[in-house]
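Novice: I'd like to go over a predicted model; first the sequence, then the structure.
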Amino acid sequence: MIPAPFDYYAPTSLAEALTLLQQHGDDAKILAGGHSLLPAMKLRLASPSVLIDINRVAELRGIKVNGTVEIGAMTTWSAIEQHAALAKACPAMADAVSLIGDIQVRNRGTIGGSLAHADPAADIPAVVLAVDAQIHVEGPNGPRAIAAADFFTDMLSTALEPGEIITSITFNSHGPGESSAYAKFPHPASRYAIVGAAAYVKMENGQVTACRVAITGAGPKAERQPAVEQALIGTDGSADAVAAAAAHAGEGMEMLGDIHASEEYRRAMCKVYAKRALLKAIERAR
Amino acid sequence: MTAIEMKERLVGRALKRREDPKLITGHGNYLDDIKLPGMLHIALVRSPYAHAKIVSIDASKALAMPGVVAVFTGKDMLDINPMPAAWQAAGVKNYPVPPRALAVDKVALVGDPVAMVVAEDRYIARDAADAVEVEYEPLPAVVDARKAVEPGAPQIHEAAPNNIVFEWECGNKAAADAAIASAEVVVKEEIINQRLIPTPMETRGSIARYDATTGEWTVWMTSQAPHVHRLLLTAFVFGVPETKLRCIAPNVGGGFGQKIFCYNDMAFTMWAARKLGRPVKFVEDRSENYKYSTHGRDHITEAELAGTRDGKITGLRVKTWANIGAYFSTVAAGIPTTLYGRIITGVYKIPAAYVHVTGAYTNTAMVDAYRGAGRPEASYLIERMVDRFAAEIGMDPAEVRRKNFIQPEDFPYDNGLGLLPYDSGNYEPALNKALEIAGYAEFRKQQAELRQQGRYLGIGISSYVEICGIAPSAWMGGQGWGAGLWESANVRVHLTGKVVVTTGSLPHGQGLETTFAQIVADELGVPYEDVEVQWGDTQGTPFGYGTYGSRSLAVGGVAIKRSVDKIKEKARKLAAHLLEANEADIVFENGRAYVKGSPDKGKTIGELAAAAAVAYNLPPGMEPFLDETSYYDPPNCTFPFGTHVCIVEVDPETGHVKLLRYIAVDDCGNQINPLIVEGQIHGGIAQGLAQALYEGAVYNEDGQLLTGTLMDYAVPTAAMVPHIETDHTVTPSPVNPLGVKGAGEAGTIASAQCVMNAIIDALAPFGVKHLQMPATPERIWRAIHGK
């Protein structure tokens, strides 16, 4: 409820934010929407001595959809949720964002903040994996892009280097025959994913020619599901084919277990939610 | 009909709550809104261990921090007594170990406060609390009530051997044993009523101010019963005259029982305010509320129900372990005894019943009354067992209920369990109405068809009776309650004709301000807007027992009506004098006293109030002013009842439950404000279905609360509560002149088993006979897949 004391900065440009981050190093935390960081501080699970609030950095906000989708890191969930062209370009993103927290959370929470925090039960990591997004960051050594597949390294850990800030996320808009979906088993209290599955498919001439599936919530980090993808590509995407492919979901993944869902149950739910996401994506793609 | 136009009656009308605009626009005045000049703030140092000896406490680093005024430990406060144990189990030996202001020598739960930091602001206090160094010697812990009383379990209190708080029984053991031994059918089940955390929106706290010149305290507190707290804190904890303490409950942001009790913070803020000569404030945060303020339920029960193949219930035997937590909370022992065991047979005529309850200390938060308090546990148990019995003999559960209901001609009904007689009831029409709304027969057909398609729908029935208007004093005295249980009201009609009602009740979300004003406006015949209702300050309100146990209308409301009756009688006498008429010829009606047969010859209540207030011309011997107080002690409790029905669909792949319909037919006697009744029913159902589906406080074996935040403990949001179809029957209570029964807890008492019965009905094709709550998707998935 009462955080430990800290200094607070509110830069208005990315350059200023990066300078502050460099000055304060490990003592500093970037404050985006604050929905993970502030509760942790109030419970004194985190006690950074410096907060750099980047909510006033206008250049980090905004959505562009034009063959490619570009979402500024400080774009709120509600801005994403309300963007009609984005929903068309990537239905999985719209599905997932509409299921995050509640309206208040979506009005404050940001896509960049969520990715940087890499909560194992966050929704959006599964989506960025399924759409094969690039995560653009800027740091003391200039800008670079990290593939979503390389971004999540472990529980609450990412490929971000010290001093780096996420600036935007980009991925391709879905083209003809392509679609995506996200299916979620929400935690009854936190609304985080107990299991969340994002699926992208490409259908050509009645066949699945491309597929990416990612699962979040079940394990320490969101992960692609190569066995599911391989089993589905080349099939007709029928309910039976999807069920057979989805049965591979969770294979080789470490599972988390807690009072709300055991490891065994999460493993079983990976298959169910992978199937549901795929069925929806295929239906949309047809 | 007289020539005077009848004023439209307000009783029975669904008026919007007059208290809401202030509260929902952020203009309420809650405890944490109160800031006194020079006020200090308290942060507690709480035990991280569930059970440990306190080896040493070193506060030197904290004391050295700027802004820290003092650090106190439990040993500093040995000059005050432990908190009181006000309701003990009746007729048996109790081993009450209530908490002290701060723990001394050892801790018995995670969150037990061992020291308090007093500082200039809350932030400094919190930082300094981290700097207090406490050395503990951890001891083994026990969190399960049944395990706690087994030989060899860790001993929590020296004064309570084997961790037993009490062993209590009611009913006829020999008869129940015989009924079960000779029965055609016996069903047996272990039924767990899991621990819940009340979660009022506002957490708890107190602010104390001490005046050294008079030796008087003022304490602002989050309280459902400030008069009772005043009495307990002065007479029992501090040993000072009660006139030395004024208690004020400002707006209270929900209680659900948790704010009935006398808590340590009330004592340590008073103690510190006296010691330091400055006002001190303590407000718990949510994590502290979850760890240390009271929880509810937490029963483990072995139940056996006996009956005949044709559906007659012949016996019930119940053995319950009730978890009391680490210490004895204020009324903890009354809940799993009087308010549980004595109503265990519910709406059924069961010739032989017996209940045995063991209250046990464990290394967990204290357990005390939570919305429904004992009655939800009883209702859940009997309604699950009746369904279990119906399934066993292959009879429709509605039919089994009909066959065993107490009949209208049986009232007043003595259930043989030591309760006062049920006042009135007519159970079958409520059941029939609920089933009709649900389309029961049609649903059963649809259910069978859908099962063929692999869809699993279920219907659940819950027929309940509960105890409201908790009183009367003489009976409660025999139940181990350490005081009376009447209610008070003062009604004054000012010179201007404005009416002020002060009540000993303590509205904190029930809409009583509106309900009471409706009654008074009708009875006195004054405009609704002219009636003001006041409460919450022991200075200026008559002594009252407060709001809990759905008692504030059936007891507090009647006290108000009686004060109004006295005012009307005085007004009639005054009118006779002023109109120079015979007193016997004066009629008081519709806000006016007039001469019978000459309605134009009369005086309004406003005119009479003015005449009484200026007192120029009063009849001989009459005192000025229309100002009357009543203390109402009813002859009995009231017994609302009803039937809830719900329809669910279970997703066999995941175990998720979808609530398709929820139907509530309640009979709370006469309704003063149907909108408020409906709101109470809705809120109650939300809490009950949350127990069935979502909520459950979980401790690990070391006594760490795993559901310690709202990220882990699943209180439902509005989106998780279905549309509720409400209806009612009306069987007025003969107990009180308003014919009211009470509605504050009915929804909670009826709903958990309604949802569980529906889920278990849906799972019948998988051979599922019982499931424990909460029926989480995983639990259901395991039941379906045999895992």
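Specialist: It's in. Numbering: from 1, shown residues only, chains lettered A, B, ... in the order given.

Novice: B:A593 looks like it's in a strand, true?
Specialist: Yes - according to DSSP: H, G, I helix; E, B strand; the rest coil, the state of B:A593 is that of a strand.

Novice: Mind telling me what element the nearest residue to it once chain neighbours are set aside is part of?
Specialist: Using Cβ to Cβ, 6 or more residues apart in numbering or on different chains and skipping the chain neighbours, the partner closest in space to B:A593 is B:A575 (3.4 Å). Just so you know, the C-beta spots here come from the backbone N, C-alpha and C atoms, and that holds for glycine as well. Element membership for B:A575 (DSSP states H and E) is helix B:558-578.

Novice: Partner strands of the helix or strand just after that helix and their direction?
Specialist: Past helix B:558-578, further along toward the C-terminus, the next helix or strand under DSSP H and E is strand B:586-589. Its sheet considered, strand B:586-589 pairs with strand B:592-595 (antiparallel) by DSSP bridges.

Novice: Show me which residues of the very next helix or strand once past the strand it pairs with are buried.
Specialist: Using DSSP H and E, the helix or strand that follows strand B:592-595 towards the C-terminus is strand B:598-604. When burial is assessed from 16 or more other Cβ atoms under 10 Å in any protein chain shown, strand B:598-604 yields the following buried residues: B:599, B:602-604.

Novice: sorry, back to before: check what pLDDT the residue nearest to B:A593 gets.
Specialist: You'll see B:A575 listed with a pLDDT of 97.

Novice: what sits against it?
Specialist: Under the criterion of Cβ atoms under 8 Å, 6 or more residues apart in numbering or on different chains, the contact partners of B:A575 comprise B:581, B:586, B:588, B:593-594, B:602-603, B:608.

Novice: picking that back up, would a markdown table of the buried residues of strand B:598-604 with distance to chain A and pLDDT be doable?
Specialist: Supplementary listing: the buried residues of strand B:598-604 in a markdown table, determined by distance: Cβ to the nearest Cβ, whole Å; pLDDT from 0 to 100:
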| residue | distance to chain A | pLDDT |
| --- | --- | --- |
| B:P599 | 58 | 87 |
| B:G602 | 58 | 94 |
| B:K603 | 57 | 96 |
| B:T604 | 52 | 95 |
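
Novice: so which of the residues you listed comes closest to B:P765?
Specialist: B:T604 (69.4 Å; Cβ to Cβ).

Novice: Next, work out how far apart the closest one and B:A212 are.
Specialist: As judged by Cβ to Cβ, to the nearest Å, B:T604 and B:A212 stand 51 Å apart.

Novice: Residues of the stretch 151-286 of chain A that sit close to chain B?
Specialist: On the criterion Cβ under 8 Å from any Cβ of the partner chain, chain B has as its neighbours in the stretch 151-286 of chain A the residues A:185, A:187-190, A:259-262, A:264-265, A:268-269, A:272.

Novice: So how do I select the buried members of the residues you listed in PyMOL?
Specialist: Here is the PyMOL command that picks out the buried ones among those, judged by 16+ other Cβ under 10 Å:
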select buried, chain A and resi 185+187+188+189+190+260+261+262+265+268+269+272
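
Novice: how about the residues of the stretch 151-286 of chain A next to chain B in TSV, adding pLDDT and secondary structure?
Specialist: Below are those laid out as TSV (pLDDT from 0 to 100; DSSP: H, G, I helix; E, B strand; the rest coil):
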residue	pLDDT	secondary structure
A:F185	98	strand
A:H187	96	coil
A:P188	94	coil
A:A189	95	coil
A:S190	94	coil
A:I259	93	coil
A:H260	94	coil
A:A261	97	coil
A:S262	98	coil
A:E264	98	helix
A:Y265	98	helix
A:A268	98	helix
A:M269	98	helix
A:V272	98	helix
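
Novice: Which of the residues of the stretch 151-286 of chain A next to chain B sits closest to B:G28?
Specialist: Proximity of these to B:G28 was ranked by Cβ to Cβ; the top entry is A:A189 with 26.3 Å.

Novice: which one is the closest one nearest to, not counting chain neighbours?
Specialist: Ranked by Cβ to Cβ, 6+ apart and with sequence neighbours excluded, the top spatial neighbour of A:A189 is B:A714, at 3.9 Å.

Novice: what about A:E254, how many neighbours?
Specialist: Summarising burial for A:E254: neighbours were counted as other Cβ atoms under 10 Å in any protein chain shown, giving 12.

Novice: Next one: the residue nearest to it when sequence neighbours are not counted from A:A148, what distance?
Specialist: For A:E254, the nearest residue in space outside its immediate sequence neighbours is A:G219; the separation is 5.0 Å by Cβ to Cβ, 6+ apart. Computed with Cβ to Cβ, the distance linking A:G219 and A:A148 is 16 Å.

Novice: For the two, indicate the residue with more neighbours.
Specialist: When A:G219 and A:A148 are compared on other Cβ under 10 Å, the one with more neighbours turns out to be A:A148, at 25 against 22.

Novice: show me what contacts the more buried one?
Specialist: With the criterion set at Cβ under 8 Å, 6+ apart, A:A148 makes contact with A:125, A:128-129, A:131-135.

Novice: What about B:E399, how many residues nearby?
Specialist: The criterion is other Cβ under 10 Å. On that basis, B:E399 has 11 neighbouring residues.
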